[in-house]
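Enquirer: Fold the following and give me the result.
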Amino acid sequence: MPGAALAHPHAKLPCFAAMRIESGGQPRLPLAVVGTPPHCPGAGMPVYTEKLPGRAARDRWTSEGPMETFDYVIAGGGTAACILAARLTEDGTTTVCLLEAGPPDSNPYIRIPAGFMKTLYNPAVTWNLTHEPCEGTAGRRVYAGQGRTLGGSSSINGMIYNRGQAADYDGWAQRGNRGWAYADILPYFKRTERRIGPGGEKPGDDRLRGRDGALPVTTTRWQHPLLDAFIAAAVESGVPLNEDYNGADQFGVCRVQSAILLGKRYSTATAFLHPARGRANLSVRTNALVTRITLEGRRATGLIYRRDDGSVASLAARRSVIVSAGALHSPKLLQLSGIGPADLLREHGIAVAHDLPGVGSNLGDHYGARVVARVKNTDSLNNRVKGARLLFEGVKWALGQPSALSNSPGVIHAFCKSDPGLDNPDLNLTFMPASFKAGVLGVLDDVAGMTCAASISRPESTGTVSIDSSNPLAPPILRPNYFSTENDRRRGVIGVKTVRRIFRAAAFRDYLDTETLPGADVRTDEDLLAFLRGNAGSGWHYNGTCKMGPEGDAMAVVNDQLAVRGIDGLHIADASVMPCTPSGNTMAPVMMIAEKAADMLLGKQALPRAEI
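Expert: Residues are numbered from 1 along each chain as shown. From the prediction side, this is the model:
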């Protein structure tokens, strides 16, 4: 996720009460302020972590009071969970309780697209995690932010709508996952979205794009000379113009498509959950930290969670427990519940309910660095979001007009090939007309600049997620293992070279002043690899840690119906079930997974395969 326009606050904000939300959940423990590692995005900003209670308190995870029963109970209130809750309760009779560890999505910066810089490091709405050091990060602890509010990461991310490539999903099916080929899942992508053009028209191919979904998908109308220059420079460099990267072919350069309408962010909470708030069969509880899945033998029976006052409660599920806590917290919850690698569970004193070695393995992510340059003969967002000009942009935003505040953090996508002989692009470039100090997000540079992030679309390197103790309040240990394959290292270097070639094209001649990152002294492939290891960051596109796979795959956690192997009444629906990393941002694929999961859970016939 490339940059955005605003600096980062830690403001306390009022609760949102327009929805029928029952408070109860995460204990209000003292907060300890620690420094962000100096090379992480947001360096110098505070990260808040909860002080862990003493041993006596840690052992008190027993339910208090009578147990409530629902047809489905959902652990998590993020991108997938909001769609699941809305779809499962459409009939008015199926009962659902959704438990979200964070607060309601009341932070006003959630609504402003550029305001994601006010929320991305804010512990009130974001899990502030870091990776363990590895060779691929040159020993740095890289920041790992994930949404911790209704809507999850769709409430705090860059809003970019990118399905990936058809080949991604055909690859899932080829791994033995029936019903997950592109022709199978395209109808679910279409059911979610409402593709809208700049003038209200319906762009793209009707066979491929949705027209009536709850999620608006738009292209920014905002204009800036650097945007046109980047597109022209990319074409000049051999990247074709592509009007719709979510259409028949991803290869090419164009403006990004985003979940934004009239300058406002549309999270899955906004588009799906809030319209369902009046249903008597839907209960939504915020500040409700799920600590364990309850089991009777090999069947999941419910969830245990902590309320806002520190008390503990239980819910029972008649049909299924659904884990939808994201690729970092879903495996953590399973492991805390005794489902996972037996040796890991025993190490932390957790009784093994089901030895499932794949829980927490196969962690995928997009990892890349930003090339930053100063510009001349024009301004950039660095100038437009300060002083009186910021006020002017705010007025335009409030009136629903194109504004610097109404954009995704990345405005142009270029999907490129590291080798011209490839059938599909394997590099993802994201451009914005702004620059940040030290090349990281959070603090704008003092002078006009531009930034282009380069990442590998389908990285081979995978890592792990694991618990560090039996304490549900302890953060998971993240070992991403970035750049662990030679092919990833090679393509990472080519990605930076590709950005440099575009920046040095004739179309940028009047605008490029000087490159500040990596800098003119970084020339050789070895130098570029060292730059990547020392400066690259996470795309926050975590996936694969409870992967879907056939019976013969010993590391598969769920089957192609998203049912956990060896445990009845337990399903997972979020990015953790992805068999491998898709060729794009994970938000759109997670929405598709939730749509398909809802139909499978309700026993509905799958939508007809697309004729493409």
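Enquirer: tell me which helix or strand of the protein sits lowest on mean pLDDT?
Expert: strand 31-35 (a mean of 30; mean pLDDT, DSSP states H and E).
Enquirer: Quick check: closest non-adjacent residue to R318.
Expert: Distances taken as C-beta to C-beta, 6 or more residues apart in numbering place D71 nearest to R318, at 5.0 Å, with adjacent residues excluded. Using the backbone N, CA and C atoms, a C-beta is placed for each residue, glycine as well.
Enquirer: Next: I322.
Expert: Once flanking residues are discounted, I322 sits nearest to I74: 4.7 Å by C-beta to C-beta, 6+ apart.
Enquirer: so which strand or helix has the one you found?
Expert: In this assignment (DSSP states H and E), I74 forms part of strand 68-75.
Enquirer: Tell me which helix or strand W172 sits in.
Expert: helix 166-174.
Enquirer: what's the longest strand in this protein?
Expert: strand 312-323 (DSSP state E).
Enquirer: on contacts alone, who are the packing partners of that strand?
Expert: strand 68-75, strand 289-296, strand 299-306, helix 326-336, strand 570-572, helix 587-601 (3 or more C-beta pairs under 8 Å, 6 or more residues apart in numbering; DSSP states H and E).
Enquirer: distance between the fifth one and the chain's centre?
Expert: So the one you mean is strand 570-572. With C-alpha atoms, centre = their mean, to the nearest Å as the basis, strand 570-572 stands 20 Å off its chain's centre.
Enquirer: returning to that earlier point: how about the helices and strands packed on strand 312-323 in JSON lines, adding mean neighbour count, mean pLDDT and distance to P103?
Expert: Compiled in JSON lines, the helices and strands packed on strand 312-323 are given as follows (neighbours: other C-beta atoms under 10 Å; pLDDT from 0 to 100; distance: least, C-beta to C-beta, whole Å):
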{"stretch": "strand 68-75", "mean neighbour count": "23", "mean pLDDT": "98", "distance to P103": "17"}
{"stretch": "strand 289-296", "mean neighbour count": "21", "mean pLDDT": "98", "distance to P103": "12"}
{"stretch": "strand 299-306", "mean neighbour count": "23", "mean pLDDT": "98", "distance to P103": "14"}
{"stretch": "helix 326-336", "mean neighbour count": "27", "mean pLDDT": "98", "distance to P103": "16"}
{"stretch": "strand 570-572", "mean neighbour count": "27", "mean pLDDT": "99", "distance to P103": "24"}
{"stretch": "helix 587-601", "mean neighbour count": "25", "mean pLDDT": "98", "distance to P103": "21"}
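Enquirer: Reformat the ones you listed as a markdown table; add distance to P203.
Expert: Shown next, in a markdown table, are the helices and strands packed on strand 312-323 (distance: least, C-beta to C-beta, whole Å):
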| stretch | distance to P203 |
| --- | --- |
| strand 68-75 | 34 |
| strand 289-296 | 41 |
| strand 299-306 | 43 |
| helix 326-336 | 31 |
| strand 570-572 | 34 |
| helix 587-601 | 16 |
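Enquirer: L226 falls within a helix, correct?
Expert: Yes: using DSSP: H, G, I helix; E, B strand; the rest coil, the secondary structure at L226 is a helix.
Enquirer: my read: it touches L381, true?
Expert: No: the pair formed by L226 and L381 falls short of the contact definition of C-beta atoms under 8 Å, at 9.5 Å.
Enquirer: Overlap of the contact sets of these two?
Expert: Common neighbours of L226 and L381, using C-beta atoms under 8 Å, 6 or more residues apart in numbering, are P433.
Enquirer: Which one's more surrounded, those two?
Expert: Set side by side, L226 and L381 show more neighbours around L381, with 29 against 25, by other C-beta atoms under 10 Å.
Enquirer: ok, the more buried one - contacts?
Expert: 5, 404, 432-434, 444.
Enquirer: and it, what pLDDT?
Expert: L381 carries a pLDDT score of 82 in this model.
Enquirer: mind starting the numbering at 28 from now?
Expert: Will do, 28 is the new start, and the previous item becomes L408.
Enquirer: so where do the helices sit in the stretch 478-627 of the chain?
Expert: 513-530, 552-562, 614-628 (DSSP state H, counting those that start in this stretch).
Enquirer: Select, out of the ones you listed, the one closest to G174.
Expert: G174 lies closest to helix 614-628 among the helices of the stretch 478-627 of the chain, at 10.3 Å (C-beta to C-beta).
Enquirer: packing partners for the closest one?
Expert: Partner elements for helix 614-628 (3+ C-beta pairs under 8 Å, 6+ apart): helix 106-115, helix 209-219, strand 339-350.
Enquirer: Paired strands for the last one, with orientation please.
Expert: According to DSSP bridges, the neighbouring strands of strand 339-350, each with its direction, are strand 95-102 (parallel), strand 326-333 (antiparallel), strand 597-599 (parallel).
Enquirer: And the strands in the stretch 178-327 of the chain?
Expert: For the stretch 178-327 of the chain, strands defined by DSSP state E, counting those that start in this stretch occupy the ranges 220-222, 242-246, 279-282, 284-285, 287-288, 291-292, 309-313, 316-323, 326-333.
Enquirer: Need the contact partners of the last one.
Expert: This points to strand 326-333. With C-beta under 8 Å, 6+ apart, strand 326-333 has contacts from 51-54, 88, 90, 94, 100, 102, 126, 312, 315-322, 339-344, 347-348, 499, 591, 594-597.
Enquirer: just to revisit the earlier point, out of the helices and strands packed on strand 339-350, flag the one nearest M605.
Expert: Nearest of the helices and strands packed on strand 339-350 (C-beta to C-beta): helix 614-628, 6.9 Å.
Enquirer: among the helices of the stretch 478-627 of the chain, which is nearest C109?
Expert: Here helix 614-628 is closest among these (C-beta to C-beta), at 8.0 Å.
Enquirer: buried ones in the longest strand of the chain?
Expert: Going by neighbour count (16 or more other C-beta atoms under 10 Å), the buried part of strand 339-350 is 339-342, 344, 346-350.
Enquirer: Also stretch 294-307?
Expert: Buried, per 16+ other C-beta under 10 Å, within stretch 294-307: 294-301, 303, 306.
Enquirer: Identify, from these, the entry nearest to Q192.
Expert: Closest approach between the buried residues of stretch 294-307 and Q192, by C-beta to C-beta: T295, at 22.7 Å.
Enquirer: The closest one and S181 touch, don't they?
Expert: Yes: using C-beta under 8 Å, T295 makes contact with S181 at a distance of 4.9 Å.
Enquirer: Spit out the residues that contact these two alike.
Expert: What both T295 and S181 touch, as defined by C-beta under 8 Å, 6+ apart, is the set 105-106, 109.
Enquirer: All good on my end, thank you.
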